[in-house]
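> how would this look folded up:
(chains A, B and C)
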Amino acid sequence: MTDTTDQSPTFADKEDEAVRRAQEDRLRAVWAAPKGWRYWSAVNNTEVGIWYTALSFIFMLFAGVLALIMRAQLALPENDLVTPDFYNQAFTLHGTAMMFLFAVPIFEAVAIILLPQLLGARDLPFPRLSAFGFWCFLIGGVFVMGSIFFGQAPSSGWFMYPPLTTEEEFTPGYGPDIWLLGLSFIEIASLAAAVELIVGTLKCRPPGMRLNLMPLYAWYVLVVAGMILFAFPPLIAGDILFELERLFDWPFFDPSRGGDPVLWQHLFWIFGHPEVYIVFLPAIALVAMIVPTFAQRPILGYSWIVLAAVGTGFISFGLWVHHMYTTGLPSISLGFFSAASEAVAIPTGVQIFVFIATLLTGHVIHSVPMLFVSGALANFVIGGLTGVMVALAPFDWQAHDTYFVVAHLHYVLIGGMLFPVVAGVYYYWPLVSGRKLSDRPGRIAFWLMFAGFNLAFLPMHYSGLAGMPRRVWTYPESLGVGTANMISSVGAFVFASGILIIVWDVLRPRGKEPYAKRNPWNAGTLEWLVEMPGESWGVRSIPAVTSRYPIWEQPNFIDDVDKGRFYLPDAAEMKRETIITSVLDGKPLQCLRVPGPSFMPMIAAVFTGAMFIFATFHWWAATIVAMGLSTISIMVWLWRGTSLIPEKPEKDVGLGLKLPLYKSGPHSVGWWAMFIMMMGDATAFLGLVFGYYYFFTIHADFPPPSTVGPGVLWPSVAFGLFAVAWSTALGARLSNQAGRVGRARVLMAAGALVALAASAALLWGPYVTGLRPTAHVYPATVWVITIWTAAHGVAGSLMLGYCLARSLAGRMTPAHDIDIFNVALYWHFVGFTVIVTVGTLAYLPVLM
Amino acid sequence: MTRSGVLAAALASAALTGCQGAQSAFDPAGVEAERVLTLFWIMLAGGAAIWIVVIGISYYAVKGKSGPYSDRSGIRLIVWGGCVFPVVVLAGLLWWGLTMMQELRRAADGPTIAVSAERFWWRVAYAVDGEPGVIRNLPRGGVPSANEIWIPLGKRTEILLSSPDVIHSFWVPPLAGKIDAIPGRVNRLVLEPTSPGVFNGACAEYCGTAHTYMGFRVVVVPQAEFEAYVASQALPAAVVDGPGAGLFLQNGCAACHTVRGTPADGAVGPDLTHVASRRTIAAGVLPTTVENFAAFIRSTEHLKPGVEMPGFGMLPDEEITAIAKWLGTLE
Amino acid sequence: MQVFGKTQDNLWTLVAAPTIWGFHFLFSYFLAAYRCAPNDDVFRNIGGTRMAISGVTAVCLLLILLIARRAWREWRADGGGYSNNQDTPEARERFLEFSTLLLAALSFAAVVFETLPVLVFWDCR
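Okay, the predicted model is just below:
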C-alpha cells in the first residue's frame, strides 16, 4: 500500500516551501471554524468537543452546588436550612446531573476531542451527528436542571422507582416527566456518540495502525461505546413503559392490574450498572495514557489492559441485581449476581496492577497529572474494596440504601472517575489552549480535594452502618451520627474549594504567557502532534503508523508529519477529508469527505427537543407538529449532507496512493453506523420483549386465560406483508446494483406501500380483538410491542420513499447506492423485530 | 420557617432525644446482624491490609525504588497481584457470603407477623397466617397494631412485608439487614433476636417527603411476655367514652383511625386502640405523652413534614387537650 | 471457528469466551427466575434446575477451554511471548491470540464463580 520510493511530482512538491504554504492555506481555510454567529454552526470535533466538555463541567458544578446545600443541611442534626421538598429535589437532581449530565457526557465529550487526535484523523466520520448530540444534550440538560428554579424538579431520587413516581397521587406535577423525557432525549445523544465513536475507532485509524498498535484509550472507547449501545436501550424501553403509565395509565408497574414495580428496577439497573463502568472505564483510559508518559516507557501489559477493558465490559452486564438485593428475590438469583459482582473485581484489579507495574518498571516523573492519578488510585482502591463488600448480599442487606453505600459510590465515582478526569484536564489542557495549567495551584487544589474528599466520605461509611439511611432530610441527634456528619460537611466544602481553584486556574486570563512547547510532557502518542496553539486541521498530514508510540519510536516522525510527507497533506478540492481504513490492519480503503459546518443538526435537535418538552406538558398538538418538523429537518439534513456523489471516483491521497471517494455497503462508514444504531434499536426492542417474558415468569397464568390476545389471523397477515416489504427492499437494492433502476424504483414504491399496509395489519390485530391497554398489564404489553414494530414499519416505509426520491433526483445511482444499501440493512432488522413480535404475541400463547 | 414551626421543631428535637432505642449495626442483638458484623470486621481488616500493600507498592514504584525493575518482574506482579490473589480471595469470600445467605434465610420457628409499610407508618398484624409471594397481598386479619413490633426472644420470627402504596424498606440495624416492602409482593424477613431490648427501625427506601420520619420500634421480650402482649392488644380499648372520645368521633378522626370498642373504625391511619401502650407516636417521631398527642394533632406538618394526616390546629385548644388526654388513657 | 490449524483472529474471536460467559449467565439467571420468581413455596427442592445449570456449565467450560487451547497453540506458533507491539501481521495475531487466551482464563474463572450458587442453594428461599 505505501510506496515511499515513489517520486511522483506531488511528492517532490512537498519539499517545496511555497507549495507547502499553499497546501497549509487550503487546509486552514477548509477546516476553519465559521466566524461570527455562524460559529455555532460548527461541527468539527475540536469545536463540538470543547462545547460538550465545557457544558458537562458546568452541569457538574451546578450539581456540586446542590451537594453543598445538602451537606450544609446535614451538618447539624434536625437542621432546617432548606425545606424537605427542596432537599428532595436537590438530591434527585444531584444524582441525575452527575450521572446523566456529567459522568457519561464527559466521556463522549473528551472522546470527541481526543479520539481523532489519537488516531491522527482530521475528524470523526459523522461530525454533524456529534453536533446533533451536543445540541440534544444542551436542550435536555437545561430543561432538566432548569426545572429546579420553578420548584418543579423531579424529587424521587435519581432512579425514579415506581409506583412513587408513576402515580399522580404520590408525585403531582411534572417532576418525573421532566426527568424521563429530558433524559430520554439525552440518551439519544449518548447513542449518537456511541455510533460515532465505534465507527471512529474501527474505521478512522491512520494507515498502518493495526489492532495491536491502537492507543489504549481507543480500546477503552471501543469497549465503552459498545457498552452504551447495549446498556442505554433497556432504559429507553423502561422509559417508554414508564411514560405510557404516567401519561395514559397503562399499568406496567401497577400490581392491582397485573403489573410489577420491580420490572422498572430491572430495566433501570440493566442500564444502571454497566453505566458505572461506562463512567469508570473512560476515566481509567485517561490514566492509561498518562501513566506511560510519566513513567517514560510504553505501557507494560498492553494485552492485559485489553483483557481488563473487554472483560469488564462483558461482566458489568451481569451485575444489575446487586442494586436489588433487598427486593426479596430468591437467593439463587442473588447468588448469580453476587458471583458476577465479585468476578468483575478481577479485571479491575488487573488494570490497577498494570499501572503499578508500568510505574515500577519506568522512570517516574512527578507532575500534577500524576499527583491526581495517585489520588485516584488511593481513593478508588477503597471504593473497589467496599464494592467487594457490598457485592456479598448479606452485607449489602445492612449497607443498602444507607450512607455506607453513599460513601462507596462516591469513592468509586470520585476516585475512579473525577480524579482521573481532573488528571486528564491537567494533562490535556495544552491540547485545548496551547498552555499548561499552573503547577503550584494544581498541587494545592489536589491536596484540598484529596483531603476534603476523604474527610467528607470516609465518615459516611460509619454513619451508614450506625443507622443513617440515605435520602433523609435530617436525622435526630440521638442517632449519634452528628459528629460524623459535621466532619463530612466540612470535608465537602474543603473538597469544593479545591475544585474552585482549578476552575479559577482554567478561567483566569493568561494574556502574554507563552505557549507551551510542542509535546510538552514528552509523550509518545499521536495526539501530541498538535502544534501549540493547535491548528484547526488537527494533523498536518495523516501519518503512516508502525508503532504504539510513534513519536517515541518512529524516527523523524513529527517533522515528516509537519512537512506533509504523509497522507492527505492538501485539500486540493477544498473539501474536508479524512482516511478510512480496515478494521484489523488499518489498510487505507477510502478517502472520506466529511461534512462541514451546518445549522441543520441544531435545528433538528431543537425540533426533537421541542417534541419531548411539549409531550412533557401534554401539549399534544404541538408535540405532533414538532415531531413532523423534526422528521422533516432530519430528512433535509440527510438529503443535503449525506451520500453525496463525488466529482471523481478516486483521488491521490499522497505517497502515490489513490483511494476511492465513494464506498457503499459494508465498506462504508454509513453502513456501519446503521448497523450499530440498529443493534441499539434491537436491544431496546428486546427490553420491551423482556417485559413480556418477565410477566410470563412472575404470573402463574400469562397471558391471563380470561383475556383474548391479538389473535393469530391479523398478526399472520402482517407477518406476510412485512415479508413482502422486506423482500422489496432487498430486491430494490439488488436491482439498483444490477443497473435495473426502473425495476428498483417500482420495488421501492411498492415496498413503501406494503410496509404501511403491514403496519396497519399488525395494529389491527389487538384493535379488532378489543384489547384495552389500561385494563391489565397483558394488553398493555401487547400494545406496546405492537406499536413499536408498527412504528418501525412506518419508518421503513419513509426510508424506502426517501430512496425512491433520491433515485428520481439522480442522487442515487447503481454505482452510488449507499442509501438503499443502508435501508435494506434497516429492513433486515425490521424483519428480526417482526419475527420476534409475531412469534411472541400471536404464536407463543397458542403453543403454550 | 414560622415561629410556631421553630417551637414545634425544638419540641420535636427535645422529644427525639428522649425516646431513642439502638439503631446501629455496630451493636448487634440479632443473629443476622451479628454474623454480618463479623463478616464486616474481617472484610475491613482484609481490605485495609490490601489497601496498605497496594498503596505501599505504588508509593515505592513512584518514589522509593532506586531504579526501574525488569519487565519480567512487572508482569509477575500483574499475574500474582492482579489475577491469582484476587481470584482466590474473591472465590473464598463469595463462598462465605453465599452459604451465609442460605443460612440466614432458613425457615422460621416463631410467630408470623404481617407488616404493611404505608406512607408514612407501619401497619402491624400479629397472629396471621400467610406466605410470601409475587402478585400477592398480605394476609388479612390478625391482631392489629402500628409502629411497634414485639417479637419473642430466641425464636425465629417471620415478618411478612408488603405495601399498599409505594416501595418502602424495613430496617432494624441491630437485628438484621433490610428487606423492601413492595406493592403487589409479599417479602419475608426472619428476625432472630439474641438479647432483649428496644430497637429502632427505619424506612430505608425513599418513599416521599416524610420518609425521614418513618420509624418504628422493635421490642424483644421473652416468649411468655410476647404472648401476653399480643393477647392484650387483641382486647378492645380500655376507655370507650368520655369527652375526648366524643370529640374524637365528632371531629372526623374516626374516618381514618380505629379505636376498637368505639364506633371509630377508619382504616386509613394507625389503629389507636392501644396507642398509649406504644412507646412512640407518629411512627417513631415523638414519645407517647399527652402533650405530644396534643402537639401532633395541632400541627402534624411541623413535627413530621410530608405527613399524610392533616393538622387540626383550627380546633379549640381545650378540645385538642381533651382528645389527647383520652388517647393517653388508651393503654 | 476452527479448533485445529491456523485461523485469522479478529474482534469476534476475541470476545467469544466472554460471550459464552454471558450466555451461561443469562441461561442460569433465566432458568432460576422461571423456577423461583413466583416466590412461593420457597423451601421446595430445585434439583432439576441445579442439574440443568451444572450441565450447561460443563459445556460452557469445555467450549472456553477449546477457545483457550486454540489461542494458546496459535500464540505459541506465532512465537509466543508478551511482546506484540511490532508492525507485522504476526504481531497482530499474537496480540489477539494472547488477549483471547487471557479473556478465556477470565471467562473460565467467571463461569466457575457463576456456578457456586448452584452448589450452595438447593431451594428458592
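
> and the residue of chain B most remote from its centre, which of the three is it?
In chain B, B:G67 marks the outermost C-alpha relative to the chain mean, sitting 57.7 Å out by Cα atoms, centre = their mean. Secondary structure state of B:G67, per DSSP: H, G, I helix; E, B strand; the rest coil, is coil.

> separation between it and chain C?
To chain C, B:G67 is 21 Å away according to Cβ to the nearest Cβ, to the nearest Å. Any C-beta I mention is one placed from the backbone N, CA and C, and that applies to glycine too.

> with A:T581 instead?
14 Å.

> contacts only, for A:M289.
By Cβ atoms under 8 Å, 6 or more residues apart in numbering or on different chains, the contact set of A:M289 is A:215-217, A:424, A:427, A:523, A:525.

> so where's chain B uncertain?
Applying pLDDT under 70 to chain B flags the ranges B:1-21.

> for A:L592, which three-state class applies?
Applying three-state DSSP: A:L592 is strand.

> where's the residue of chain C found nearest chain A, which helix or strand?
Residue of chain C nearest chain A, by Cβ to the nearest Cβ: C:P117 (2.7 Å). Element membership of C:P117, judged by DSSP states H and E, is helix C:89-120.

> tell me which residues of that helix are tucked away?
Across helix C:89-120, burial judged by 16 or more other Cβ atoms under 10 Å in any protein chain shown covers C:91-111, C:113-118, C:120.

> of these, which are in range of chain B?
C:105, C:109, C:113, C:116-117, C:120 (Cβ under 8 Å from any Cβ of the partner chain).

> what sits against C:A110?
A:315, A:339-340, A:343, A:346, C:18, C:21.

> quick one: it from B:P86, how far?
In this view, C:A110 and B:P86 are 12 Å apart by Cβ to Cβ, to the nearest Å.

> for the residue of chain C closest to chain A, which non-adjacent residue is spatially closest?
Nearest in space to C:P117, with sequence neighbours left out and distances taken as Cβ to Cβ, 6 or more residues apart in numbering or on different chains, is A:G335 at 2.7 Å.

> per-residue pLDDT, that neighbour?
We have a pLDDT of 96 for A:G335.

> next: A:F86.
95.

> which SS class is the residue in the stretch 501-650 of chain A that chain B sits nearest to?
Closest contact between the stretch 501-650 of chain A and chain B, by Cβ to the nearest Cβ, is at A:R548 (14.6 Å). At A:R548 the chain is in coil, as set by three-state DSSP.

> contacting residues around it?
A:R548 touches A:212-213, A:215, A:298, A:302, A:524-525, C:85, counting by Cβ under 8 Å, 6+ apart.

> and these as a markdown table, adding distance to chain B, secondary structure and pLDDT?
Shown next, in a markdown table, are those (distance: Cβ to the nearest Cβ, whole Å; DSSP: H, G, I helix; E, B strand; the rest coil; pLDDT from 0 to 100):
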| residue | distance to chain B | secondary structure | pLDDT |
| --- | --- | --- | --- |
| A:N212 | 17 | helix | 94 |
| A:L213 | 18 | helix | 95 |
| A:P215 | 20 | coil | 96 |
| A:P298 | 10 | coil | 95 |
| A:Y302 | 11 | helix | 94 |
| A:G524 | 16 | coil | 94 |
| A:T525 | 20 | coil | 95 |
| C:N85 | 12 | coil | 88 |
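
> tell me what the lowest-mean-pLDDT helix or strand in chain C is packed against?
Using mean pLDDT, DSSP states H and E, the weakest-scoring helix or strand in chain C turns out to be helix C:11-14, at a mean of 92. Applying 3 or more Cβ pairs under 8 Å, 6 or more residues apart in numbering or on different chains; DSSP states H and E, we find helix C:11-14 packed against helix C:89-120.

> and the helix it packs on, how far out from the chain's middle?
Centre-to-centre, helix C:89-120 and its host chain are 6 Å apart (Cα atoms, centre = their mean, to the nearest Å).

> now do stretch A:668-677
16 Å.

> check whether the helix or strand that A:F353 is a member of comes near chain C.
Using DSSP H and E, A:F353 falls within helix A:345-360. Yes - using Cβ under 8 Å from any Cβ, helix A:345-360 reaches chain C at A:346-347.

> residue closest to the middle of chain A?
A:S190 (3.2 Å).

> residue contacts, that residue?
Contacts of A:S190 (Cβ under 8 Å, 6+ apart): A:104-105, A:108, A:133, A:228, A:232.

> give the other helices and strands that the helix or strand harbouring B:G56 contacts.
Secondary structure assignment for B:G56, by DSSP H and E: helix B:31-59. Using 3+ Cβ pairs under 8 Å, 6+ apart as the contact test, the elements touching helix B:31-59 are helix A:345-360, helix A:368-390, helix A:393-399, helix B:85-104.

> packing partners for the following helix or strand past that helix?
Past helix B:31-59, further along toward the C-terminus, the next helix or strand under DSSP H and E is helix B:71-77. Contact here means 3+ Cβ pairs under 8 Å, 6+ apart; on that basis helix B:71-77 packs against helix A:345-360.

> any idea how far A:V405 is from the residue of chain A found nearest chain C?
Nearest to chain C, among the residues of chain A, is A:G335, at 2.7 Å (Cβ to the nearest Cβ). From A:G335 across to A:V405, the span is 20 Å (Cβ to Cβ).

> quick one, which of those two is more surrounded?
The residue with more neighbours, out of A:G335 and A:V405, is A:G335; 28 against 20, by other Cβ atoms under 10 Å in any protein chain shown.

> show the buried residues in the contacts of A:M289.
A:215-217, A:424, A:427, A:523, A:525.

> would a markdown table of those with distance to chain C be doable?
Output for the buried ones among the contacts of A:M289, formatted as a markdown table (distance: Cβ to the nearest Cβ, whole Å):
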| residue | distance to chain C |
| --- | --- |
| A:P215 | 12 |
| A:L216 | 12 |
| A:Y217 | 16 |
| A:G424 | 24 |
| A:Y427 | 22 |
| A:A523 | 16 |
| A:T525 | 13 |
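
> what sits against the residue of chain C closest to chain A?
A:331-332, A:335-336, A:338-339, B:98.

> next one: A:A451
Listed by Cβ under 8 Å, 6+ apart, the contact set of A:A451 reads A:491, A:494.

> thinking again about what came up before, between C:A110 and B:P86, what contacts are shared?
A:I346.

> near chain C, which residues of the stretch 401-550 of chain A show up?
Going by Cβ under 8 Å from any Cβ, the residues of the stretch 401-550 of chain A near chain C are A:545-548.

> between these, which has the most around it?
Busiest of these [other Cβ under 10 Å] is A:V545, holding 26 neighbours.

> where does it land in three-state SS?
Taking three-state DSSP, the label given to A:V545 is coil.

> need the pLDDT of it.
95.

> I figured it was touching A:P206, is that so?
Yes - using Cβ atoms under 8 Å, A:V545 makes contact with A:P206 at a distance of 4.9 Å.
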